[in-house]
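Q: what follows is a predicted protein model with its sequence.
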Amino acid sequence: MARIKVKNLLLRTYIGFNPEEQINKQDVVINFEIETEIAHNALMADVPEDILDYRSITKKVIALVQDGRFNLLEVLTQKILDLIFEDSKVNWAQVEVDKPHALRFAESVSITLERSRNEK
């Protein structure tokens, strides 16, 4: 079993339901972790076949976030989690999305969601 972590992916998107949030993109910071199996022969051969393509997943996350509009941080987080699970090699994943400066006296607000392949 292997865990792949993508840390501090800084993107801009429309997030929030206040009028100014609907017209101005804001920063979000995304962290996700993916658990997957890596076959021993793939490790010995040092070739990308049968290995989870985290670069491709990250590019899809970037497109989803930058091209999307979201009222709720929870919805954005769930959509990223759903996108990650489109890859059949994903056994488990956790996604955390931070919205910096969402509250006046806080550095950020974040939502974390996780799921296993066998959960519905």
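A: That came in fine, so what should we check first?
Q: in the protein, which spans are helices?
A: Under the criterion DSSP state H, the chain contains helices at 19-23, 40-45, 54-67, 73-84.
Q: skipping adjacent residues, who's closest to residue 58 in space?
A: residue 6 (5.7 Å; CB to CB, 6 or more residues apart in numbering). In this view, the C-beta of every residue, glycine as well, is placed from N, C-alpha and C.
Q: quick check, the one you found in contact with residue 55.
A: No: judged on CB atoms under 8 Å, residue 6 makes no contact with residue 55 at a distance of 9.6 Å.
Q: have a look at the two and say which one is more surrounded.
A: Ranked by neighbour count (other CB atoms under 10 Å), residue 6 and residue 55 place residue 6 first, with 17 against 10.
Q: pLDDT wise, what is the more buried one at?
A: Note for residue 6: predicted pLDDT of 98.
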